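Asker: predicted model follows, preceded by the sequence.
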Amino acid sequence: MASDVSVTAKSKQVIRKCALDDNGCVSLLDILNSFNAPINEEHAWALCFQCAVCFKSAVEGDKNKCVLVDSVDQVFVSKEGTVHPKTLLGSSENAEESRAG
């Protein structure tokens, strides 16, 4: 039986912890990684609503400062559950490349 078991070294995959940043936010990617599962339908609809609220607020402001959100690591959720404005204001590393004009 012992011959059927092989031991391999752990992969060097970096596991990101779900911790609040200076704005009291966490990325959606960190949330998904922490639970190691997709969000449920109820949470998905709540997130869609909060994104719409954030987008509406951004459109009413300076549109030229907004960036295109194209991945879950660019969506920032506050500890209150709202989508933080920095989601649309270019806080990601590729903000300059994804400017929505």
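Answerer: Thanks, I have the structure now. Numbering: from 1, shown residues only.
Asker: how far away is the most centrally placed residue in the chain from Glu60?
Answerer: Nearest residue to the geometric centre of the chain (CA atoms, centre = their mean): Leu28, 2.6 Å. Here the distance between Leu28 and Glu60 works out to 23 Å (CB to CB, to the nearest Å). For glycine as for every other residue, the C-beta is placed from the backbone atoms N, C-alpha and C.
Asker: pull the contacting residues for the residue nearest to Ser71 when sequence neighbours are not counted.
Answerer: Leaving aside its chain neighbours, Ser71 sits nearest to Leu29 (7.5 Å; criterion: CB to CB, 6 or more residues apart in numbering). Under the criterion of CB atoms under 8 Å, 6 or more residues apart in numbering, the contact list for Leu29 reads 16, 71-73, 75.
Asker: repeat that for Ala58.
Answerer: Counting by CB under 8 Å, 6+ apart, Ala58 makes contact with 66, 85, 88-89.
Asker: try it again at 6 Å.
Answerer: Neighbouring residues of Ala58 by CB atoms under 6 Å, 6 or more residues apart in numbering: 66, 88.
Asker: Three-state assignment for it, please.
Answerer: When the structure is reduced to helix, strand and coil (DSSP: H, G, I helix; E, B strand; the rest coil), Ala58 reads as helix.
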